[in-house]
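1. here's my sequence, what's the structure:
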Amino acid sequence: GMCPTNQFVSGNTIINALNYLYTRRYAEFVLEHISQLPPSEPEGVRKACVVLYANFLIQLYQSNPRTFERKGPIFTGIPPPSLVVEQLLSKFTDQKVQSSSGATTQVLSHQKKEKMLSHLCALALVLSRDFVVDCATLQKDLMISVSKLANHFRALGCAVSRQGQKRSHEGKVATDALPSCTATLKIPLSFPKRRQGRKKSL
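-> Residues are numbered from 1 along each chain as shown. Below you'll find the model as predicted:
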């Protein structure tokens, strides 16, 4: 599946891991959802696994492609289980064969980073309440434009409403409130229509 939760160990270890995350400087998206975890099991444990997986995926997305190609994935804080690392690399990286040595390395391509972004949007919906996502923290953590993030949510069938920049009473733009969006998954799903190119004349 999208998030291999069975590779994370049980409740107490997950809780300890999340406490560790909360005391360190991690992505705001991750910290925000740690504070909102339901106390009951198994729902709390399931969502905790999703938060941990999102944490690893955000770190992979934030990796510098050149550094990644030389050194491979570098996860700060809690290391993911080896099987999760294998799944991440298999799904979200490409293989490159060095012409000089014939050795194979993993690389982060633009296409795979777009795939990561779509998965993070899906995880945000899984973790959301009533399938409504305020995109501000995810947008800030990933350092991407609101239009790019909105397009990925639309591709998942979400309705997206834009939020303008907040202004003070003096009319100045708040420095901590960039334009963002809210994504809502509703039934029936509404997917963007594919653009059809002009037919070539014979």
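2. for the closest residue to V132 other than its chain neighbours, list each beta-bridge partner.
-> Distances taken as Cβ to Cβ, 6 or more residues apart in numbering place T184 nearest to V132, at 5.0 Å, with adjacent residues excluded. In short, each C-beta sits where N, CA and C put it, glycine included. On the basis of DSSP bridges, T184 is bridged to V132, A159.
3. return the per-residue confidence for T184.
-> pLDDT for T184: 94.
4. distance check, it against L117.
-> Distance of T184 to L117, computed by Cβ to Cβ, to the nearest Å: 18 Å.
5. same check, this time on G44
-> Note on G44: its distance to L117, by Cβ to Cβ, is 27 Å.
6. poorly predicted segments of this structure, please.
-> 1-25, 164-178, 194-202 (pLDDT under 70).
7. which stretches of it form helices?
-> For the chain, the helices defined by DSSP state H cover 11-22, 28-34, 43-61, 65-71, 82-92, 110-127, 136-142, 146-155.
8. from R70, how far out is the spatially most central residue of the chain?
-> Taking Cα atoms, centre = their mean, the centroid of the chain lies closest to L120, which sits 2.6 Å from it. L120 sits at a distance of 25 Å from R70 (criterion: Cβ to Cβ).
9. F191: what's it in contact with?
-> 154-155, 157 (Cβ atoms under 8 Å, 6 or more residues apart in numbering).
10. so which of those is the closest to K112?
-> A155 (15.8 Å; Cβ to Cβ).
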